[in-house]
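1. predicted coordinates and the sequence they were generated for:
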Amino acid sequence: MVSGGKRFPVAVNLPADESDIRALDTPALKSAIGDADVDMLDDALPPPAVDASDQTDFGWTIMLAVLAIAGIECLLAMRFGHYRK
């Protein structure tokens with residue numbers, strides 16, 4: 001298999017009479033796995049889809065809102081709960 005300009009051996013466990021350890025090029029590998037649409041990538045990660053400075057993340061806002069609601073619920077439960085000392 002060739003990926004990103006490098007050649008990697010691919011090993012498969014098969015019965016001894018069916019084993020074939022020859023290296024396959026990309027078209028032969030694609031046909032061997034059923035003509036699947038496969039993109040051969042290099043060993044580096046692809047660039048991130050979203051910039052880190054993007055301000056559309058509401059995770060912290062939602063988490064703080066849930067924390068505030070849970071805190072209010074605890075205070076109300078202590079004030080109006082049925083358990084009295």
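-> All right, it came through fine. All of these numbers come straight from a predicted model, not from anything done at the bench.
2. please enumerate the strands of the chain.
-> 2-3, 6-7 (DSSP state E).
3. for Ala28, which of these is the nearest?
-> If you check each of these against Ala28 by C-beta to C-beta, strand 2-3 wins as the nearest, at 10.6 Å. Glycine gets a C-beta too; all of them are placed from N, C-alpha and C.
4. avg pLDDT for that closest one?
-> Per-residue confidence for strand 2-3 averages out to 72 on the pLDDT scale.
5. sheet partners, orientation included, of it?
-> Each strand paired with strand 2-3, and its direction, by DSSP bridges: strand 6-7 (antiparallel).
6. quick check: mean pLDDT of the strand it pairs with?
-> Strand 6-7 comes out with an average pLDDT of 78.
7. one more: stretch 74-81?
-> Stretch 74-81 comes out with an average pLDDT of 89.
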